[in-house]
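> Below is the sequence, then the predicted model.
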Amino acid sequence: MSNVRIGLVGACGKMGAMIIRRILATENTELSAAFDIVNIGQDVGDRLGLGKKLGVPVSDSKDLAAVLKASKTDVLLDFTVAAATAVNAPVAAGAGVNLIIGTTGLSDAQKANIRDAVVKNNVAAVISSNYSIGVGIFLKLVRQAARELGNDYDVEIIEAHHNQKKDAPSGTAMTAAEIISKEMGGKEFVYGRHGVCPRGKEIGIHSIRGGDIVGDHTVMFIGNSERIEIRHQAHSREIFVAGAIMAAKWVVKQKKGTVYSMTDVMA
Ligand SMILES: NC(=O)c1ccc[n+]([C@@H]2O[C@H](COP(=O)([O-])OP(=O)(O)OC[C@H]3O[C@@H](n4cnc5c(N)ncnc54)[C@H](O)[C@@H]3O)[C@@H](O)[C@H]2O)c1
């Protein structure tokens, strides 16, 4: 079996560095291209202090299409910022490259635009705000609780992340809120509360930022005499890295022209 050739946008970021190390340690995968807007031209091996050159330089993401084609990349992972992914993902799809989108904070319009590019260029993509396998199970449990408890229970979502995270609420908190809203027949979202704000039938969503918290999510279903809390806590970013590589190996074998979720990867 030939190796899956994986390219990466955001190669010099926290996730990028971990993903590269994992690609090198995973059977049947190889790093074909690396992109960022910093450290252009530096060999990725030097950049990560691996003690050897990998023969893959950090390329400027402005050269995405040309480098992807020249490097025969099968699948591109993107862990950057929403504004960058919104531009780069359609370009990569246009170059015939499958996609794993990890960047969070994409608007509905940006996601729809990426979806259109995937369909139009007949590639396959996975878009997920959380590649952890545990979060996949967490979301299944949240769906089941929302379905079975119905509207008698108030729902609050609390998420906590490190102090470098740029977007709030987390993509995973929003995914949980959307699942619950769908199961409960449509809910308004309220982001934090301040001043006079009597509770209605909304889903309350609260974000905590501090220190080095990798990612905590708690969904509370609160009734009059009891409450259920479903919680996931990530101890290390390695869980996202492992899931993203699993998705990359999976997506290259899927039907083209389709956007998948992590639930599809885990099915
Ligand atoms: N889906 C998941 O499971 C998951 C898990 C963890 C993090 N994330 C998300 O991944 C993203 C990156 O997280 P991080 O902690 O590695 O952030 P980071 O700030 O450490 O890294 C981001 C990298 O993207 C680069 N970048 C910015 N604009 C670019 C552009 N136009 N072209 C190429 N590179 C560009 C930056 O220079 C930087 O090296 C965030 O959106 C975060 O929320 C997703």
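Done, it's in.

> for stretch 218-234, which positions count as buried?
Across stretch 218-234, burial judged by 16 or more other C-beta atoms under 10 Å covers 218, 219, 220, 221, 230, 232, 234. The way it works is simple: take the backbone N, C-alpha and C, and place the C-beta from them, glycine included.

> could those residues be laid out in CSV, adding distance to residue 211, pLDDT and secondary structure?
Listed next are the buried residues of stretch 218-234 as CSV, based on distance: C-beta to C-beta, whole Å; pLDDT from 0 to 100; DSSP: H, G, I helix; E, B strand; the rest coil:
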residue, distance to residue 211, pLDDT, secondary structure
218, 18, 98, strand
219, 23, 98, strand
220, 23, 98, strand
221, 28, 98, strand
230, 24, 98, strand
232, 18, 97, strand
234, 14, 95, strand
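
> between those, which is nearest the ligand?
residue 234 (8.5 Å; C-beta to the nearest ligand atom).

> In this structure the closest one contacts residue 242, no?
No - contact criterion C-beta atoms under 8 Å: residue 234 and residue 242 do not qualify, at 11.6 Å.

> Within range of the ligand, give me the residues from the stretch 1-150 of the chain.
9-10, 12-16, 35-38, 61, 79-81, 84, 102-105, 128-131 (C-beta under 6 Å from any ligand atom).

> which of those residues count as buried?
Of those, these count as buried by 16+ other C-beta under 10 Å: 9-10, 12-13, 15-16, 35-36, 61, 79-81, 84, 102-105, 128-131.

> List the ones among the residues of the stretch 1-150 of the chain next to the ligand that fall in helices.
Counting by DSSP state H, those place 14, 15, 16, 84 in helices.

> Can you give me the separation between the first one and residue 247?
In this structure, residue 14 and residue 247 are 19 Å apart, going by C-beta to C-beta, to the nearest Å.

> mind listing the helices in the chain by residue range?
14-25, 44-47, 64-70, 82-94, 108-120, 133-149, 171-183, 238-251, 262-266.

> so what's whichever residue of the chain sits closest to the ligand up against?
The minimum distance from the chain to the ligand, using C-beta to the nearest ligand atom, falls at residue 13 (2.0 Å). Residue 13 is in contact with 36, 79, 80, counting by C-beta atoms under 8 Å, 6 or more residues apart in numbering.

> quick one: it from residue 78, how far?
For residue 13 relative to residue 78 (C-beta to C-beta), the value is 11 Å.

> Kindly report the same for residue 136.
Residue 136 is 20 Å from residue 78, by C-beta to C-beta.

> Of those two, which one has the most company?
Applying other C-beta atoms under 10 Å to residue 136 and residue 78 shows that residue 78 carries more neighbours, namely 27 against 19.

> What pLDDT does the model give the spatially closest residue to the more buried one that is not a sequence neighbour?
Across the structure, with C-beta to C-beta, 6 or more residues apart in numbering as the measure, the residue nearest residue 78 apart from its sequence neighbours is residue 9 (4.4 Å). The model reports residue 9 with a pLDDT of 98.

> cool, and the one 3 residues further on?
At residue 12 the predicted local distance difference test score is 96.

> Contacts only, for it.
Applying C-beta under 8 Å, 6+ apart to residue 12 gives the contacts 36, 38, 39, 47, 58.

> What about those, which are in strands?
Cross-referencing the contacts of residue 12 against strands under DSSP state E gives 36, 58.

> residue at max distance from the center of the chain?
residue 225 (36.4 Å; C-alpha atoms, centre = their mean).

> Bridged to the closest residue in space to residue 115 that isn't next to it in sequence, which residues?
Excluding the flanking residues, the one nearest residue 115 by C-beta to C-beta, 6+ apart is residue 259, at 5.2 Å. Following DSSP bridges, residue 259 is listed with bridge partners residue 125.

> Can we start the residue count at 29 from this point?
From this message on, residue numbering opens at 29, which makes the last subject residue 287.

> list the contacts for residue 287?
Per C-beta under 8 Å, 6+ apart, neighbours of residue 287: 142, 143, 146, 152, 153, 154, 155.

> ok, now residue 125?
Neighbours of residue 125 in contact, by C-beta under 8 Å, 6+ apart: 35, 96, 101, 102, 103, 104, 151.

> Could you list the low-pLDDT ranges of this structure?
For the chain, no stretch is flagged by pLDDT under 70.
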